[in-house]
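J.: below is the sequence, then the predicted model.
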Amino acid sequence: MTTPWQLHQDLIRVTEAEIAHTSRHASQLAELRLSAGDRRRRVGAVLGALFRSRRIRPRSRASGPLGVADAAPENRLESTPP
């Protein structure tokens, strides 16, 4: 038969295991959030460098005012020939 003291010790062990498990997940989530932020910064830096080097340029507005077609993702950037 299990004594109250044994039940108490079991509860402590289970609680400590749950805390460790939860903290591992929390640290993994923090790492994922950090890496997602790093990816966004890197993509922004690469796009900024490409714009500055004139490898890519904004779509020409000479065709008229900005419209729905100009806002479509496939029309946002044009590649220039190398």
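T.: Done, it's in.
J.: and the host helix or strand of Thr15, what does it pack against?
T.: Using DSSP states H and E, Thr15 sits within helix 4-52. Counting by 3 or more CB pairs under 8 Å, 6 or more residues apart in numbering; DSSP states H and E, the packing neighbours recorded for helix 4-52 are strand 56-58. Glycine gets a C-beta too; all of them are placed from N, C-alpha and C.
J.: what's the average pLDDT for the strand it packs on?
T.: Mean pLDDT, computed over strand 56-58, is 62.
J.: got any ranges where the protein has weak pLDDT?
T.: Scanning the chain for pLDDT under 70 picks out 55-82.
J.: could you rerun that using 50?
T.: Within the chain, the segments meeting pLDDT under 50 span 66-69.
J.: what are the C-alpha coordinates of stretch 21-32, in CSV please?
T.: Below are the C-alpha coordinates for stretch 21-32, written out as CSV (Å, rounded to 0.1, in the frame of the first residue of the first chain):
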residue,chain,number,x,y,z
HIS,A,21,9.3,19.4,-20.0
THR,A,22,7.5,22.8,-20.2
SER,A,23,10.7,24.8,-19.9
ARG,A,24,12.3,22.7,-22.7
HIS,A,25,9.3,23.6,-24.9
ALA,A,26,9.5,27.2,-23.9
SER,A,27,13.1,27.5,-24.8
GLN,A,28,12.5,25.7,-28.2
LEU,A,29,9.7,28.1,-29.0
ALA,A,30,12.0,31.1,-28.1
GLU,A,31,14.7,29.7,-30.4
LEU,A,32,12.1,29.3,-33.2
